[in-house]
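Visitor: Let's see this in three dimensions:
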Amino acid sequence: MPVVGNKIKGIRESKNLSVAEIAERSGLSESQIVSIETDQNLPSLGPLIKIARALGVRLGTFLDDNDALGPVVCRAADREKDSSISFSNGATDARKHMEYHPLAQQKTGRHMEPFIIDINPEETPQFQLSAHEGEEFIYVMEGEVEIEYGKETYRLQQGDSIYYDSIVKHHVHGAPGKSAKILALVYIPF
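Guide: Numbers count the residues shown, from 1 in each chain. From the prediction side, this is the model:
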């Protein structure tokens, strides 16, 4: 399972930026940056987006394997055997609750990040809402999910979808005790 910490550190060092500079630019603490770079902390998308902005790169740069200028085809059979990326849900025990399967890693210059996301069940989820620039679209392929969005909670079932501005604090997770599979498109202006 690929981790992004080493890639973040490499980009930061190639730009001759200190941890302190990235912390100041991103609004994250220095200890957060170090724990992400050393893969002690698997961040949610919110902090990754802030770090990408601070480094002046697209979020996808942390996930890229190759660069393709033309269309990118992602075959289901290949996606199943490819490694996924996991992020923590902000819980104090750092349980992983989502596995991200990127659908366009090889596409260079992309403005959207498409994922199939497997959401593992949790009986008593503890999470932190995050906010970042951009928009998100979620389509529930299987199961049931909850989206905390501002002061509202939306429960979506198979076939339901939601499109929202991600500048509003939000969190996506399975309905209590339920697993799910979603298609998510994340757009972050660059």
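
Visitor: Quick one: distance of stretch 176-190 to the chain centre.
Guide: The chain centroid and the centroid of stretch 176-190 are separated by 8 Å, computed with CA atoms, centre = their mean, to the nearest Å.

Visitor: do stretch 14-22 as well
Guide: The answer for stretch 14-22 is 22 Å, by CA atoms, centre = their mean.

Visitor: Kindly report the same for stretch 50-67.
Guide: The answer for stretch 50-67 is 12 Å, by CA atoms, centre = their mean.

Visitor: That stretch: which residues count as buried?
Guide: 50-55, 57-60, 62-64 (16 or more other CB atoms under 10 Å). In short, each C-beta sits where N, CA and C put it, glycine included.

Visitor: Just the helices from the chain, written as ranges.
Guide: For the chain, the helices defined by DSSP state H cover 5-14, 19-26, 30-37, 45-55, 76-81.

Visitor: Report the angle between the longest one and helix 30-37.
Guide: Direction vectors for helix 45-55 and helix 30-37, defined by axes from the mean of the first three to the mean of the last three CA atoms, to 10 degrees, enclose an angle of 100 degrees.

Visitor: pLDDT averaged over helix 45-55 - what is it?
Guide: Averaged across helix 45-55, the pLDDT comes to 85.

Visitor: Now tell me what touches it from outside.
Guide: 4, 8, 11-12, 15, 17, 21-22, 25-28, 32-33, 36, 58-59, 61-62, 87, 130-134, 186, 188 (CB atoms under 8 Å, 6 or more residues apart in numbering).

Visitor: Of these, which count as buried by neighbour count?
Guide: Buried among those (16+ other CB under 10 Å): 4, 8, 11-12, 21-22, 26, 28, 32-33, 36, 58-59, 62, 87, 130, 132, 134, 186, 188.

Visitor: In this structure, what helix or strand scores lowest on average pLDDT?
Guide: strand 85-88 (a mean of 52; mean pLDDT, DSSP states H and E).

Visitor: On the strand side of things, show who Tyr149 bridges to.
Guide: Glu152, His170 (DSSP bridges).
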